[in-house]
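>>> No sequence on hand, only this structure:
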């Protein structure tokens, strides 16, 4: 099921073709010289998003990522490979009291700069294009 997207990704995605999302570094946390995480602020932008709720948190992330990869690798209204932006963001959701992590996660792909004004429509109705306000992200 994922053979074509993986082949497309391998064919079209050398490291120099990965677009890093522009951000402002707010904080960097290291321990013994190793980077633990960065706190970043991303500007207002459009993202392709999918919300998943599988039995296990990890399953939700994996399945959401695979669906986004299909969108990136030609399953979109342009029929073209869109290119990879990094990082792919995972939003962890909590219960109303914010005391527990729920099974639901949102996996999001920043649309490359050239697609921000007119992003290709996803063929998968589970994927939506959302415009996010400036956003804080923790990255590892």
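That came through, no problem. Since this is a predicted model, take the numbers as computed values, not measurements. Numbering: from 1, shown residues only.
>>> helix or strand for residue 65, which one?
In this assignment (DSSP states H and E), residue 65 forms part of helix 57-72.
>>> Locate the residue of this protein with the greatest distance from its centre.
Distance to the chain centre peaks in the chain at residue 32, reaching 29.2 Å (criterion: C-alpha atoms, centre = their mean).
>>> I'd like to know how far it sits from residue 140.
As judged by C-beta to C-beta, to the nearest Å, residue 32 and residue 140 stand 16 Å apart. In this view, the C-beta of every residue, glycine as well, is placed from N, C-alpha and C.
>>> same question, residue 106
The value you get for residue 106 to residue 140, if C-beta to C-beta is used, is 17 Å.
>>> So between the two, which is more surrounded?
Neighbour count, other C-beta atoms under 10 Å: between residue 106 and residue 140, residue 106 has more, with 19 against 8.
>>> Tell me where the chain has helices.
Secondary structure of the chain by DSSP state H: the helices cover 3-12, 57-72.
>>> looking at those helices, which one has the lowest mean pLDDT?
Mean pLDDT is lowest for helix 3-12 out of those, coming in at a mean of 52.
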